[in-house]
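**Student:** here are the coordinates; sequence isn't available:
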């Protein structure tokens with residue numbers, strides 16, 4: 001039995017059983033990568049918790065728990081999220097490898113590059129959210145009306161908040177990959193992107209405002225890279241689309 005499934009070629013026929021067998025194998029690989037990553041993240045979950053606590057104010061560096069089981073469940077939850085982040089490139093690649101046969105082979109190479117780019121941009125989004133957005137957002141939230149509240153931070157709620165912030169920023173950073181994939185698949189064109197650039201910038205601004213940085217500084221810091229990434233995606237689409245448009249005719253000529 002092969003450990004890695006064979007990726008079908010474009011247009012290659014396969015039975016339903018073969019497709020289901022390939023899907024099962026790729027799911028097992030993805031879950032195996034997640035399990036291996038979870039073992040690593042749980043071993044080092046103490047360092048991970050310290051890293052997540054770093055953006056907190058000095059007097060709130062150690063979040064509180066309110067039940068006997070909460071320290072255990074919270075550590076498991078944080079380790080699982082970190083493991084998913086580490087295993088995400090493998091999950092992306094297995095998903096791509098399963099869907100690739102539906103796409104013409106000349107387009108598969110560029111789509112594979114986009115899958116790799118999605119992983120890199122996702123990690124970049126996590127880093128941006130952690131170093132740029134979280135510190136000012138937490139400073140604002142933990143000092144808001146502090147004269148009226150005795151502020152305690154519950155570990156479970158804090159790590160959930162941090163996870164959603166980092167995940168939201170990481171997904172927002174996938175905009176260039178998403179746009180280029182639509183152009184590569186001929187759902188969008190570079191000309192359409194250039195004509196509707198104002199609408200695109202407005203949408204990126206709305207996304208930046210909706211990210212969980214509630215203070216003006218972190219909101220502006222969220223909007224600027226998103227608008228820049230969208231402008232970069234238009235430039236890349238304008239550069240690559242003429243080459244992508246020529247590929248089908250070349251393939252047809254050789255058949």
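**Tutor:** Cool, got the structure. What you see is a predicted model, and the numbers here were worked out from it, not measured in a lab. Numbering: from 1, shown residues only.
**Student:** what's near enough to touch residue 96?
**Tutor:** By Cβ atoms under 8 Å, 6 or more residues apart in numbering, the residues touching residue 96 are 111-112, 115. C-beta coordinates here come from the backbone N, C-alpha and C atoms, glycine included.
**Student:** all the helices of the stretch 101-250 of the chain, residue numbers only.
**Tutor:** 105-128, 134-143, 155-172, 175-184, 190-195, 197-210, 216-254 (DSSP state H, counting those that start in this stretch).
**Student:** what about the first one, average pLDDT?
**Tutor:** Looking back up the chat, that one is helix 105-128. Averaging pLDDT along helix 105-128 yields 80.
**Student:** against which helices or strands is it packed?
**Tutor:** helix 70-99, helix 155-172, helix 175-184, helix 216-254 (3 or more Cβ pairs under 8 Å, 6 or more residues apart in numbering; DSSP states H and E).
**Student:** any idea which of the helices of the stretch 101-250 of the chain gets closest to residue 48?
**Tutor:** Nearest of the helices of the stretch 101-250 of the chain to residue 48, taken as Cβ to Cβ: helix 155-172 at 9.8 Å.
**Student:** what does the closest one contact?
**Tutor:** By Cβ under 8 Å, 6+ apart, helix 155-172 touches 52, 55-56, 63-65, 70-71, 73-74, 77-78, 81, 121-123, 125-126, 128-130, 133-134, 137, 207-208, 211-213, 222, 226.
**Student:** in ChimeraX, select just the buried ones from the residues you listed.
**Tutor:** Entered in ChimeraX, the line below selects the buried ones among the contacts of helix 155-172, by 16 or more other Cβ atoms under 10 Å:
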select :52,55,56,63,74,78,81,121,122,123,125,126,128,129,130,133,134,137,207,208,211,212,213,222,226
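**Student:** for the one helix or strand in the chain whose mean pLDDT sits lowest, packing partners?
**Tutor:** Least confident helix or strand, the chain: helix 216-254 with a mean of 76, by mean pLDDT, DSSP states H and E. If contacts are counted by 3+ Cβ pairs under 8 Å, 6+ apart, helix 216-254 sits against helix 105-128, helix 134-143, helix 155-172, helix 175-184, helix 190-195, helix 197-210.
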